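Participant: Pasting a predicted model and its sequence here:
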Amino acid sequence: MVERTTITAPVRGTVKNVRVNTIGGVIQPGEHILEIVLLEEQLLVEGKIRPSDVAFLRPGLPAKVKITAYDFAIYGGLDGHVEYISPDTLKYDQKAASGRPDDTYYRVLILTDKSMLHAGNKDLPIIPGMVATVEIRTGEKTILDYLLKPVLKAKEAFRER
């Protein structure tokens, strides 16, 4: 029997869920005692990408993470890059039974450069569960490219095989 043992976490973080909280409580071998949410210098943001938008994505592309709880126009966003793209599509749990093609997505992980936003000399914390939108930069186009696209497509309209 072990009494008054100190348990030290191997990582820096915040305790999320304590599963044993009674004095004299018994913990079985291998049982989870608590959950820790990591506090790191970077965030790992999980996103869902439609299959129609995944063609030009690849790990390493720059991304901008916008936390919806903080107004982007005032506080800005977090810079990061694409860390991971799932090798195949996944299905939304609630809609999986319907079988519609828009029920699938690719899972993407974005690693940010910082773990919080800054407003002046005040740090704005980002906590687990906050909702974000992610913009991934896949390339560049000029305004002229957008204006000429219909003209160039019309040139292909009268071709015959």
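Facilitator: Now that the structure is in, tell me what you want to look at. Predicted model only: the values in this text are computed from it and were never measured.
Participant: and residue 89, what does it touch?
Facilitator: Listed by C-beta atoms under 8 Å, 6 or more residues apart in numbering, the contact set of residue 89 reads 51, 104, 105, 106. Every C-beta, even on glycine, is put in place using the N, C-alpha and C of the backbone.
Participant: among those residues, which ones are buried?
Facilitator: Buried members of these, scored by 16 or more other C-beta atoms under 10 Å, are 104, 105, 106.
Participant: Now the last one, what are its backbone angles?
Facilitator: Dihedral angles phi and psi of residue 106 (degrees, to the nearest 10) take the values phi -100, psi 140.
Participant: could you list every residue that touches it?
Facilitator: Contacts for residue 106 were tallied using C-beta under 8 Å, 6+ apart; they are 48, 49, 50, 51, 54, 57, 85, 86, 88, 89, 90.
Participant: So which of these belong to strands?
Facilitator: Residues of the contacts of residue 106 located in strands (DSSP state E): 48, 49, 85, 90.
Participant: Just give me the closest of those residues to residue 3.
Facilitator: Among those, residue 90 lies closest to residue 3 (C-beta to C-beta), at 46.4 Å.
Participant: Give me the pLDDT for that closest one.
Facilitator: The predicted local confidence for residue 90 comes out at a pLDDT of 91.
Participant: Equivalent analysis for residue 67, please.
Facilitator: 95.
Participant: That one bridge partners, please.
Facilitator: Taking DSSP bridges, one obtains residue 132 as the residues bridged to residue 67.
Participant: For this structure, which helix or strand comes out least confident on mean pLDDT?
Facilitator: Of all the helices and strands that make up the chain, strand 34-38 has the lowest average by mean pLDDT, DSSP states H and E, namely a mean of 79.
Participant: Check which helices and strands that strand sits against.
Facilitator: Packing contacts for strand 34-38, counted by 3 or more C-beta pairs under 8 Å, 6 or more residues apart in numbering; DSSP states H and E, involve strand 13-18.
Participant: I'm done for today, thanks for sticking with me.
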